[in-house]
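Chemist: This is a predicted model, with the sequence first.
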Amino acid sequence: MVYLGEGGTPLVGREVARKRVFLKLENLNPTGSFKDRGSALLVSFLLSRGVTEVVEDSSGNAGASLAAYAAAVGIKSHIFVPSFASGPKLQQMQAYGARVVRVPGAREAAHQAALSFASERGLPYASHALLPMGIPGIGTTAFELIEQLGQMPGSIVAPIGHGSLFLGLILAARAIRAQQPGASLPMMVGAQPANCAPLVASWEKREFGGCQGSSLAEGTQIETPVRARQILRLLDPTRDSLVAITEDELLSAWQALAKMGFYVEPTSALVWAACYKLIDDLPEPVVLVFSGSGLKFSQQSIK
């Protein structure tokens, strides 16, 4: 197993509209995001198969995480990133020794470029989104929440890009309930930016017209999330919810969190905005999962 200190992140309590709200600080993992839980398992799997070189595509956090865990065990990594990816994330990948390739166009262009490169070179495609190995690692977040709270959360709010974090939380909560007869599943709330919210569109039974412009929450700008079908199949329309957050709401939430002492990237601020939108409907205790560190975010992208 590869271990860099992932997991065991703090859970900090606050009160919002007289409700108990807890912030799960996944931004304090080794490379600054929740992705480290999945990378630990994925890279351990690669190592067990004798893999020495891999290809991945990422908008930032997953690439940085894979680069770190691969470097720790001597695996060479090639990371293809969309041209809009944040500078600090690219610098992080390069510091770990990864070869970083910037690809113009939408997020999907980086994915296709990575697939082509992997095929041409005969290299494994170590996708954090497509491979299943990382999901159980990410799911450990839910197990920790119960250890820290002493009970199942009443509701969990998390951002959705490809959906690995959200799916991991759902599956872990179901696994816990299977071992605790009578326990209730938490209300699951997923947040996406309004200008790129394919799951919200499906949830609301309307057509998704593609991503409309950029978002400060760059980690969620994904038109075709890999885990979309699984997530939509597992959600309960009578309990769960998916919500779209405007850029103004996102920026306000990010600024509010910073003034509270929490410096997270805007993707994490999606959950704070979603909490305020839905607070009256959220069962206690409410848990908000902060996915990434603000140190990875370039404020030059704020217009």
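Modeler: Perfect, I can see it now.

Chemist: which stretches of the chain aren't confidently modelled?
Modeler: Low-confidence segments of the chain (pLDDT under 70): 300-303.

Chemist: Show me where it has its helices.
Modeler: Along the chain, the stretches classed as helices by DSSP state H are 35-48, 61-72, 87-95, 107-121, 134-149, 164-179, 198-203, 228-234, 247-259, 266-278.

Chemist: Please identify the most buried of those.
Modeler: Neighbour counts averaged per stretch over the helices of the chain are highest for helix 61-72, at a mean of 28; criterion: mean count of other CB atoms under 10 Å. Heads up, the C-betas are built off the backbone N, CA and C, glycines and all.

Chemist: thinking again about what came up before, closest to T9 out of the helices of the chain?
Modeler: Closest to T9 of the helices of the chain, according to CB to CB: helix 134-149, at 7.3 Å.

Chemist: what's the nearest residue to A142 if we skip its chain neighbours?
Modeler: A172 (3.5 Å; CB to CB, 6 or more residues apart in numbering).

Chemist: I meant V289, not that one.
Modeler: Closest residue in space to V289, ignoring its immediate chain neighbours: A158 at 4.2 Å, by CB to CB, 6+ apart.

Chemist: and the one you found, what does it touch?
Modeler: For A158, the contacting residues are 165-166, 169, 188-191, 271, 288-289, 291, by CB atoms under 8 Å, 6 or more residues apart in numbering.

Chemist: V21 now?
Modeler: Contacts for V21 were tallied using CB under 8 Å, 6+ apart; they are 13-15, 275, 285-288.

Chemist: partner residues bridging it?
Modeler: Using DSSP bridges, the bridge partners assigned to V21 are R14, V286.

Chemist: Against G105, how distant is it?
Modeler: According to CB to CB, to the nearest Å, V21 stands 39 Å off from G105.

Chemist: Also L171?
Modeler: Between L171 and G105 the distance, using CB to CB, works out to 32 Å.

Chemist: Could you tell me which residues make contact with V287?
Modeler: For V287, the residues meeting the contact criterion (CB under 8 Å, 6+ apart) are 11, 21-24, 145, 149, 153, 155-157, 186.

Chemist: Which residue is the nearest non-sequential neighbour of it?
Modeler: Nearest residue to V287, sequence neighbours excluded (CB to CB, 6+ apart): P153, at 4.5 Å.

Chemist: Would you list the phi and psi of that neighbour?
Modeler: Dihedral pair for P153: phi -60, psi 150, per degrees, to the nearest 10.

Chemist: Give me the neighbour count for it.
Modeler: Look at P153: counted by other CB atoms under 10 Å, it has 25 neighbours.

Chemist: was I right about it contacting L282?
Modeler: No - taking contact to mean CB atoms under 8 Å, the distance of 9.9 Å between P153 and L282 leaves them out of contact.

Chemist: give me every residue that touches A273.
Modeler: Contact criterion CB under 8 Å, 6+ apart gives 191, 245, 249-250, 252-253 as the residues in contact with A273.

Chemist: ugh, wrong one, I meant L282
Modeler: 19, 154-155, 157, 187, 189, 275.

Chemist: Of those residues, which is the most crowded?
Modeler: V157 (30 neighbours).

Chemist: For beta bridges, what are the partners of that one?
Modeler: Under DSSP bridges, the beta-bridge partners of V157 are V189, L288.

Chemist: just to revisit the earlier point, of all the helices of the chain, which one is nearest V55?
Modeler: Evaluated over the helices of the chain, closeness to V55 peaks at helix 107-121, with 4.1 Å, by CB to CB.

Chemist: Okay, angle between that closest one and helix 61-72 too, please.
Modeler: Using axes from the mean of the first three to the mean of the last three CA atoms, to 10 degrees, the inter-axis angle of helix 107-121 relative to helix 61-72 is 30 degrees.

Chemist: Dump helix 107-121 to PDB, keeping only the CA atoms.
Modeler: Provided in PDB are the C-alpha atoms of helix 107-121 (Å, rounded to 0.1, in the frame of the first residue of the first chain):
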ATOM      1  CA  ARG A 107     -12.400  19.300 -20.600                       C
ATOM      2  CA  GLU A 108     -13.300  16.400 -23.000                       C
ATOM      3  CA  ALA A 109     -10.400  17.400 -25.300                       C
ATOM      4  CA  ALA A 110      -7.900  16.600 -22.600                       C
ATOM      5  CA  HIS A 111      -9.500  13.200 -22.100                       C
ATOM      6  CA  GLN A 112      -9.300  12.300 -25.800                       C
ATOM      7  CA  ALA A 113      -5.700  13.500 -26.000                       C
ATOM      8  CA  ALA A 114      -4.800  11.300 -23.000                       C
ATOM      9  CA  LEU A 115      -6.500   8.200 -24.600                       C
ATOM     10  CA  SER A 116      -4.700   8.800 -27.900                       C
ATOM     11  CA  PHE A 117      -1.300   9.100 -26.200                       C
ATOM     12  CA  ALA A 118      -1.900   6.000 -24.000                       C
ATOM     13  CA  SER A 119      -2.900   4.000 -27.100                       C
ATOM     14  CA  GLU A 120       0.100   5.200 -29.200                       C
ATOM     15  CA  ARG A 121       2.600   4.400 -26.400                       C
END
